[in-house]
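Q: next come a sequence and a model predicted from it.
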Amino acid sequence: MTAPAGRRLAATAAILLGILTIVEAAVVAVREFPRSPFLVVSVALAIAAGTYGLVRRGVARVLGLGVAGLLLLNTVVGLIEQEGPLLLVVVLGAILTSAAATAALRVHVAWPPAPRPVRPVLFCNPRSGGGKAERFRLAEEARARGITTVELGPGDDLETLVRRAVADGADALAMAGGDGSQAVVAAVAAEHGLPYACIPAGTRNHFALDLGVDRDDVVGALDAFVDGGERLVDLAEVGGRVFVNNVSIGVYAEAVQQAGYRGAKLRTLLDTVPQVLGPGAEERDVRWVGPGDVRHNGGVALLVANNRYRLGHGMGVGSGTRPCLDDGVLGITVLGPGAGASSRLRVLRRPVVEWSVPTLEVDSGRPVAAGIDGEAAYLDPPLRFRSRPGALRVRIAQGHPGASPSAFEPGGTWDALRALVAIAAGRGASAHRYHAGLDREAC
């Protein structure tokens, strides 16, 4: 299939801007060569000082972060003084290259049309996303599309309301709220084989993004029950509790347990770091089996996801999203593998380790703090995770992308470059990564 003109133009721009940026960066590197070792040492010392400050409290933290800031400031000011205009061109070129590549590699998927439900029900959290439901008048917009709205009030149990609606004859379910609420409604929809729609009325709407729902078109997402296409996606669960994004164990999980987390997330997270990583912190009593049947314990953070995340490779396109939600696996990411790894693995140890499995068991001698789709919880061990392939029927409005920003999945920078060249030459549609079992049309 011939690539559309817009994507061809974006791919061509990405290639030309990328070449220009690389040339300019090389010029900066050559001109700065006599000072390069000093710059590298300055950055390394800044990282060391910053790390020291993060894991401590009080005066030690202020000193560590202060020294790190001064070293980085000195490095940046030195570069600007010597290479100001040229450095600006490099930074701007990198930003524009990434934006053009993202536009070229992003796809639209027209999923098979599905019959319009007769009694769809939308559940709405009016407090989610800073009051998006009220701001976009979702109840009125839903009513205009023949969708009944149920608004959550103080003290309401969402699962009870959803099950009541199903018992009363609802034949499709939608949720306007955060990802924790999306998981509750999705779980009931999957249990009863009903179609489900994700309305991006939460704060970050990670699940919507990976499904291919346009997060900036809250009202348009309701059209999933008007003219939407249908796709099957996976769910995941831990101890019988369904999650749509991920379960985090470690620093982030400890932070979300704090009472002040919702009102001051960054400050709470920073205050939690010394508890987990600082001098005198207790070793994390968390154990699991990694690749090669090697046993681990501890670690800074363990993330168990409903399908794997793409983390920062391949020109940064779609970084931090999941290329697909129908691989039938758990995506496991470990930051700082635990000290219990065997000696044969220590040599190969990396700061971040990723792998995929259909199931995972995490053990501990006590209840484990966890963040489940951003919601605080304590889970009794052992924690048994499993993927539920193709468990959920998802409806997506025809005008929305229908695929994750990283659905087109070059394996790395060179693969991304080859893909951009193919698109610029008028080819490339056949290179999109889609999965068997459904008829799909990319454009």
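A: In hand now; what should we look at?
Q: figure out how far stretch 89-99 is from the centre of its chain.
A: 23 Å (C-alpha atoms, centre = their mean, to the nearest Å).
Q: adjust the sequence numbering to begin at 45 for everything that follows.
A: Taking 45 as the first residue, the last one we looked at is stretch 133-143.
Q: helices of the stretch 95-244 of the chain, start to end?
A: 102-149, 176-179, 182-188, 202-211, 223-236 (DSSP state H, counting those that start in this stretch).
Q: ignore what I typed, I meant the stretch 345-487 of the chain.
A: Going by DSSP H, counting those that start in this stretch, the stretch 345-487 of the chain shows helices at 387-390, 457-468.
Q: which one of the helices of the stretch 95-244 of the chain is the most hemmed in?
A: helix 223-236 (a mean of 23; mean count of other C-beta atoms under 10 Å). Every residue, glycine included, has its C-beta placed from N, CA and C.
Q: residues in contact with it: which ones?
A: 167, 169, 172, 202-203, 206-207, 210, 217-219, 238-240, 242, 246, 248-251, 279, 286-289, 416-419, 432, 435-437 (C-beta atoms under 8 Å, 6 or more residues apart in numbering).
Q: just the buried subset of those, please.
A: 167, 169, 172, 202, 206, 210, 217-219, 238-240, 242, 246, 249-251, 279, 286-289, 416-419, 432, 435-437 (16 or more other C-beta atoms under 10 Å).
Q: now Gln301: how far from Gly221?
A: 21 Å (C-beta to C-beta, to the nearest Å).
Q: ok, these two, which is more surrounded?
A: Gly221 (27 against 15; other C-beta atoms under 10 Å).
Q: distance of that one relative to Cys242?
A: From Gly221 over to Cys242 (counting by C-beta to C-beta), the distance is 10 Å.
Q: likewise Leu64?
A: From Leu64 to Cys242 the distance is 39 Å (C-beta to C-beta).
Q: mean confidence for stretch 446-457?
A: For stretch 446-457, mean pLDDT is 76.
Q: kindly report the same for stretch 75-89.
A: The model assigns stretch 75-89 a mean pLDDT of 74.
Q: cool, and stretch 352-372?
A: The model assigns stretch 352-372 a mean pLDDT of 76.
Q: picking that back up, wait, which of the helices of the stretch 345-487 of the chain is closest to Ser86?
A: Ser86 lies closest, by C-beta to C-beta, to one member of the helices of the stretch 345-487 of the chain: helix 457-468, at 26.9 Å.
Q: got a list of contacts for the host helix or strand of Val291?
A: Taking DSSP states H and E as the definition, Val291 sits inside strand 290-294. Strand 290-294 has contacts (C-beta under 8 Å, 6+ apart) with 282, 320, 328, 330, 343-350, 353, 375, 379, 406, 412-417, 429.
Q: can you do 6 Å?
A: Residues outside strand 290-294 that contact it (C-beta atoms under 6 Å, 6 or more residues apart in numbering): 282, 344-349, 412, 414-416.
Q: quick one: which of those residues is nearest to Ala177?
A: Ile416 (22.8 Å).
Q: wait, what's in contact with the residue nearest to Gly97 when sequence neighbours are not counted?
A: Residue nearest to Gly97 in three dimensions, not counting chain neighbours: Gly108, with 2.4 Å by C-beta to C-beta, 6 or more residues apart in numbering. For Gly108, the contact set (C-beta under 6 Å, 6+ apart) comprises 93, 96-97.
Q: of these - the most surrounded one?
A: Result: Gly97 is most packed of the contacts of Gly108 (other C-beta under 10 Å), 22 neighbours.
Q: quick check, pLDDT for that one.
A: At Gly97, the pLDDT value in this model is 75.
Q: so what's it up against?
A: Contacts of Gly97 by C-beta under 6 Å, 6+ apart are 105, 108-109.
Q: could I get those as JSON lines with pLDDT?
A: Output for the contacts of Gly97, formatted as JSON lines (pLDDT from 0 to 100):
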{"residue": "Arg105", "pLDDT": "74"}
{"residue": "Gly108", "pLDDT": "81"}
{"residue": "Leu109", "pLDDT": "82"}
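Q: with distance to Phe82 added, can I get the residues you listed in a markdown table?
A: Shown next, in a markdown table, are the contacts of Gly97 (distance: C-beta to C-beta, whole Å):
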| residue | distance to Phe82 |
| --- | --- |
| Arg105 | 27 |
| Gly108 | 21 |
| Leu109 | 22 |
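Q: what about Leu379, how many neighbours?
A: 15.
Q: please name the bridge partners of it.
A: Ala345, Val396 (DSSP bridges).
Q: thought it was touching Leu347?
A: No. Taking C-beta atoms under 6 Å as the definition, Leu379 is not a contact partner of Leu347, at 7.8 Å.
Q: show me this protein divided up by domain.
A: Structural domains assigned to the chain are 49-149, 156-277+435-455, 290-434, following automatic domain parsing.
Q: that older thread, quick one: which two of the contacts of strand 290-294 are the most distant?
A: Val282 and Val344 (19.8 Å).
Q: next, the angle strand 290-294 makes with the strand ranked longest in the chain.
A: Longest strand in the chain, counting residues (DSSP state E): strand 427-440. Relative orientation of strand 427-440 versus strand 290-294 (axes from the mean of the first three to the mean of the last three C-alpha atoms, to 10 degrees): 150 degrees.
Q: pull the residues that contact strand 427-440.
A: Under the contact criterion C-beta under 6 Å, 6+ apart, strand 427-440 has outside partners 230, 234, 239-241, 256, 268, 272-280, 282, 348, 372-374, 402-406, 446.
Q: just the buried ones from the residues you listed, in ChimeraX syntax?
A: Buried residues within those, by 16+ other C-beta under 10 Å, are selected in ChimeraX with:
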select :230,234,239,240,241,256,268,272,273,274,275,276,277,278,279,280,282,348,372,373,374,404,406,446
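Q: residue contacts, Ala241?
A: 218, 268-269, 439.
Q: so which of those residues sit within strands?
A: Reading strands off the contacts of Ala241 with DSSP E, I get 218, 439.
Q: please tell me how far Gly174 sits from Pro198.
A: Taken as C-beta to C-beta, the span from Gly174 to Pro198 is 17 Å.
Q: higher neighbour count, these two?
A: With neighbours defined as other C-beta under 10 Å, Gly174 and Pro198 compare such that Gly174 has more, 10 against 5.
Q: lovely, talk soon.
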